[in-house]
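*Asks:* Here is a sequence with its predicted model. Questions after.
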Amino acid sequence: MDMEGFELVSLLCSRLCHDLVSPVGAIINGLEVMADESDLEMREMAIRLITQSASRTAHRLQFARLAYGASGGPGGLIDMGEAKKATEAILDDHKVALEWQCDAGQLERMPAKLLVNSAFLAAEALPRGGTVTAILTRNSGASSIEIVAQAPMIRPIESFEEIIGGEKGLAGLAPRAAQAYYTGLIARLAGTKIGVNLTADQLSLKSIIADHAG
């Protein structure tokens, strides 16, 4: 592993830990209330807090396994029904609705990872919620991926296009920016790039990836 790979792993680990700290902390707080509180209403509130936080934790871990892990293995296939379920759950936690227009039953690992990471990246640009549409078109030995985020307010991270395009290096990037860099890296490893189109109320990410790429 070179230094760039080391820095990316460090940033993604920091990002994942940051995402898990809040719901895990809420579970601990809820358990403490359960241990010390005798009031039935407070105990019911604690149970709801624990249940909701445990679900959010599970959603984030399931998505991380798909987005960052070795799902499918080299040359393997990813079940798109499972990909939809994991992506829909984590977007819902961000108050973002997912419209899934991907008919493939299974998809090769690289295009599948590019699709779900692009969808999550688009959702992160919607600070007040909105809709993300994921469109997959299969033809002529390639997968065409289009992710469209729509909301009254679109706020991608600073230098979004430069980071996702690989024009801005890892040095000095915050953990939150790691998602954009990683998503762009998937595209580059697969021999493609992500086209970005940003307006006041819409963000579009488009890419075409050949079969057996990466």
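*Replies:* Yep, it's here.

*Asks:* Only C-alpha atoms from now on, for both contacts and neighbour counts.
*Replies:* OK.

*Asks:* And the residue lying farthest from the centre of the chain, how far from Ala46?
*Replies:* Computed with CA atoms, centre = their mean, the residue of the chain farthest from its C-alpha average is Ser38, at 39.7 Å. To Ala46, Ser38 is 11 Å away according to CA to CA, to the nearest Å.

*Asks:* quick one on the thing from earlier: could you give the backbone dihedrals for the residue farthest from the centre of the chain?
*Replies:* With angles defined as degrees, to the nearest 10, Ser38 sits at phi -100, psi -20.

*Asks:* Over to Pro152?
*Replies:* Per degrees, to the nearest 10, the backbone of Pro152 is at phi -60, psi -30.

*Asks:* Can you give me the neighbour number for Asn117?
*Replies:* Neighbour count of Asn117, defined by other CA atoms under 10 Å: 24.

*Asks:* list the contacts for it?
*Replies:* By CA atoms under 8 Å, 6 or more residues apart in numbering, the contact list for Asn117 reads 67, 179, 183.

*Asks:* all strands of this protein, in order?
*Replies:* Counting by DSSP state E, the chain has strands at residues 77-79, 96-102, 106-108, 130-139, 142-150, 195-198, 202-210.

*Asks:* Could you tell me the end-to-end distance of stretch 101-117?
*Replies:* End-to-end for stretch 101-117, by CA to CA: 16 Å.

*Asks:* Ignore what I typed, I meant stretch 96-112.
*Replies:* With CA to CA, one end of stretch 96-112 sits 20 Å from the other.

*Asks:* What mean pLDDT does it get?
*Replies:* Summarised as a single mean, pLDDT over stretch 96-112 is 91.

*Asks:* what do you get for stretch 181-191?
*Replies:* Rounded mean pLDDT across stretch 181-191 is 94.

*Asks:* Just send the strands of the chain back as CSV, with distance to Phe6 too.
*Replies:* Formatted as CSV, the strands of the chain follow (distance: least, CA to CA, whole Å):
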stretch, distance to Phe6
strand 77-79, 26
strand 96-102, 32
strand 106-108, 26
strand 130-139, 31
strand 142-150, 29
strand 195-198, 27
strand 202-210, 26
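
*Asks:* for those, which one sits closest to Thr87?
*Replies:* strand 96-102 (8.0 Å; CA to CA).

*Asks:* Against which helices or strands is the closest one packed?
*Replies:* Under the contact definition 3 or more CA pairs under 8 Å, 6 or more residues apart in numbering; DSSP states H and E, strand 96-102 sits against helix 80-93, strand 130-139.
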